[in-house]
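Enquirer: Turn this into a model:
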Amino acid sequence: LKGLDIQDVEGNVQDKHMNNGGIYFTVFKPHNEGTTGIARYNDILIEDCYLKSVNRWGIALAYTAYHAKFPDSTISNETAQTYGMTNVVIRNNYLEDVGGDAITTMYCYRPIVEYNVANGAASQINARDYKGEGTSGDKPFGCVAASVWPWKCKDAVFQYNEVYNTHNDGGWNGDGQAWDADWGDGTVYQYNYSHD
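Expert: The predicted structure follows:
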């Protein structure tokens, strides 16, 4: 995906597990896996895209039907290469006013996320916009969003990115940070810049 202009996507900020946002990849289990093999993405490039006012995610790659193969934060190379996404590069994208998380790699083997700018992630993680069901204390469940981060990835590299103005209005967002090495194995953040 190169040079895309994606704006004004009204998604569902409450449901983190719904496939919605500016760019969102999902792997579904094949009807006949014995014949087709395991479903996964390989050789994905998301580059030079402009995303503004999108919700919930800016860029997410890739939720998978094989999530049970990644039960904890220790991930083997074999598991990541067999069930995860491979040869993933997210580069030189600009994201502004994302309702939830700006860029998240999920279930990837050695993804590279570089030279991206995220301005104003988590803009809808607040008491006004977030009306999730159930509560944990005074906030709905799942009321969390970070800016640029991996979920259950092996050896993810985040470099030369800039993140600023990530929202945490009144402490409502349970995350709200620029970077979050979440349930990954071997995550590297280097040469990034975050402010405000």
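Enquirer: and the residue positioned nearest the centre of the chain, what does it touch?
Expert: Taking C-alpha atoms, centre = their mean as the criterion, residue 104 is the residue nearest the geometric centre of the chain, at 1.7 Å. Going by C-beta atoms under 8 Å, 6 or more residues apart in numbering, residue 104 touches 57, 59, 60, 61, 148, 149, 150, 151. C-betas here are computed from N, CA, C, even on glycine.
Enquirer: go on, residue 117?
Expert: Listed by C-beta under 8 Å, 6+ apart, the contact partners of residue 117 are 93, 94, 95, 161, 162, 163.
Enquirer: ok, back up a step: element containing the residue nearest to the centre of the chain?
Expert: For residue 104, the host element (DSSP states H and E) is strand 103-106.
Enquirer: Please name every helix or strand in contact with whatever helix or strand comes next after that strand.
Expert: Downstream of strand 103-106, the first helix or strand assigned by DSSP H and E is strand 108-109. For strand 108-109, the packing partners by 3 or more C-beta pairs under 8 Å, 6 or more residues apart in numbering; DSSP states H and E come out as helix 77-83, strand 85-91.
Enquirer: Give the next helix or strand downstream of strand 108-109.
Expert: Counting by DSSP H and E, the element after strand 108-109 in chain order, helix or strand, is strand 112-114.
Enquirer: pLDDT of the following helix or strand past that next one, averaged?
Expert: As assigned by DSSP H and E, the chain's next helix or strand after strand 112-114 is strand 117-119. For strand 117-119, the mean per-residue pLDDT is 98.
Enquirer: Adjacent strands (with direction) for strand 117-119?
Expert: Each strand paired with strand 117-119, and its direction, by DSSP bridges: strand 94-98 (parallel), strand 162-164 (parallel).
Enquirer: Of all the residues in the last one, which ones are buried?
Expert: I take that to be strand 162-164. 162, 163 (16 or more other C-beta atoms under 10 Å).
Enquirer: And for the first one?
Expert: With burial defined by 16+ other C-beta under 10 Å, the residues of strand 94-98 counted as buried are 95, 96, 97, 98.
Enquirer: Also stretch 2-18?
Expert: Residues 6, 9, 11, 12, 13, 14, 16 are the ones in stretch 2-18 that count as buried (16+ other C-beta under 10 Å).
Enquirer: same thing with stretch 178-192?
Expert: Neighbour-count burial for stretch 178-192, with 16+ other C-beta under 10 Å as criterion, is recorded at 178, 179, 180, 181, 182, 183, 184, 185, 186, 187, 189, 192.
Enquirer: Perfect, that will be all.
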